[in-house]
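*Asks:* pasting the structure only:
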DNA sequence: TCACGAAACCGGTATATGCCACTATTATCA
DNA sequence: TGATAATAGTGGCATATACCGGTTTCGTGA
């Protein structure tokens, strides 16, 4: 560790990527949440409904199994299940067992869920436009690309292998 | 909205910054957590202990009041209180009421907490070094700077005002 | 076909995080 | 000084997220 690194370590935790991402996540949750609050949905719920909406349109029908959804959201399967509970209770999502493989269940938006997703999408556009305008469209796109790399399975595998050569 | 934007919106949620940050946060929680697991601390706990360690060394004594800690962590005050509960229960942190203003409480690491923080810091360095090596030191620093801007109070205020001129 | 291992999901438990209502304390001002 | 507003925390409730163990179902090979 260099002297500069040591100084940075003393100055604060700005140099910890994990900390930085968490703080930003809490902040964005507040900012986007304020805008989309009228829907009554939380950020994770809105994101989940939107993911379901998109996944339903994809060619691969496996995209909507809980297993694949969890992987796509970089989320634990059981965490997804718990998060789905309130959405199912409120009639936005339904779980459909697969006929061929009875272990598998697919999540699907109900009509009510489609409407709620659309309602949230309209508000989301406001928040997103405001973010892009404020942060800069190019910078925002670059930030999302960087975060996508971090969240990717490839990155996780390389990290767990302890790769240093990228 | 341009045609390209509409296409991007259909392609996926990669263009949602809120989604991108949350996914990355979950992933980093996994990756850093795997490395620091031997301490028995979660990522938020490790981060909190480290923040307390640093805040204790700062000139401003107000830096350790729950109110200021919450603001620094971009966290709700009550959320901070809840998160502190297990750490207090396990003897890593103690709350010290202020003599002058009896409403105020300060959070402080105990000896046991200092030791645990140091233990976590050593492991954290491994995770952080691996991340930097894999993602690129320059790119990692740039990512943290971008996230710090997003998390800043100035950004939040501008967002809430609806500024578009930055 | 039967035993066994793998896969998908569920439920319990614990922490993370936020909102709201409430209490205690302090500051303000008529 | 006394009423009122503001501030700092606490506790309750709800969702977010993860880990682990258990159950059902599937696939595989003897």
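*Replies:* Ah, there it is. Keep in mind the model is a prediction, meaning the values are calculated, not measured.
*Asks:* Go ahead and confirm residue A:105 touches residue A:67.
*Replies:* No: between residue A:105 and residue A:67 there is no contact under C-beta atoms under 8 Å: 9.2 Å. Placement of C-beta: from N, CA and C, glycine included.
*Asks:* So which of those two has more stuff around it?
*Replies:* More crowded of residue A:105 and residue A:67, by other C-beta atoms under 10 Å in any protein chain shown: residue A:105, with 18 against 13.
*Asks:* Could you pull up the contacting residues of the more buried one?
*Replies:* Residue A:105 makes contact with A:65-66, A:95-98, according to C-beta atoms under 8 Å, 6 or more residues apart in numbering or on different chains.
*Asks:* what about the closest residue to it other than its chain neighbours, which SS state?
*Replies:* Among residues not flanking residue A:105 along the chain, residue A:95 sits closest, at 4.7 Å (C-beta to C-beta, 6 or more residues apart in numbering or on different chains). The local conformation at residue A:95, judged by DSSP: H, G, I helix; E, B strand; the rest coil, is strand.
*Asks:* Residue A:95 and residue A:15: what is the separation?
*Replies:* Remark: distance between residue A:95 and residue A:15 (C-beta to C-beta, to the nearest Å) = 43 Å.
*Asks:* cool, residue A:96 as well?
*Replies:* Taken as C-beta to C-beta, the span from residue A:96 to residue A:15 is 47 Å.
*Asks:* which one of the two has more residues nearby?
*Replies:* residue A:15 (16 against 11).
*Asks:* Can you read off the backbone torsions of residue A:107?
*Replies:* Phi and psi for residue A:107, reported as degrees, to the nearest 10, are phi -100, psi 140.
*Asks:* Could you pull up the contacting residues of the most centrally placed residue in chain A?
*Replies:* For chain A, the residue nearest the mean C-alpha position is residue A:73 (5.4 Å; C-alpha atoms, centre = their mean). Residue A:73 makes contact with A:47-48, A:51, A:80, B:23, B:26, according to C-beta under 8 Å, 6+ apart.
*Asks:* change it to 10 Å
*Replies:* Neighbouring residues of residue A:73 by C-beta atoms under 10 Å, 6 or more residues apart in numbering or on different chains: A:44, A:47-48, A:51, A:79-80, A:83, A:151, B:13, B:19, B:22-23, B:26.
*Asks:* min pLDDT across those, which one?
*Replies:* Ranked by pLDDT, the contacts of residue A:73 bottom out at residue B:13, which has 56.
*Asks:* Alongside DNA strand C, which residues does chain A contribute?
*Replies:* Within chain A, the positions adjacent to DNA strand C are A:22, A:26, A:29-30, A:33, A:65-67, A:77-78, A:81-82, A:95, A:101, A:103-106 by C-beta under 7 Å from any atom of the strand.
*Asks:* List the buried residues of stretch A:138-148.
*Replies:* For stretch A:138-148, burial by neighbour count (16 or more other C-beta atoms under 10 Å in any protein chain shown) applies to A:140-141, A:143-144, A:146-148.
*Asks:* for these, which one is nearest residue B:125?
*Replies:* Lowest distance from residue B:125 to these (C-beta to C-beta) belongs to residue A:146, with 22.1 Å.
*Asks:* residue contacts, that closest one?
*Replies:* B:20, B:24, B:135-136, B:139-140, B:142-143, B:146-147 are the contacts of residue A:146 under C-beta under 10 Å, 6+ apart.
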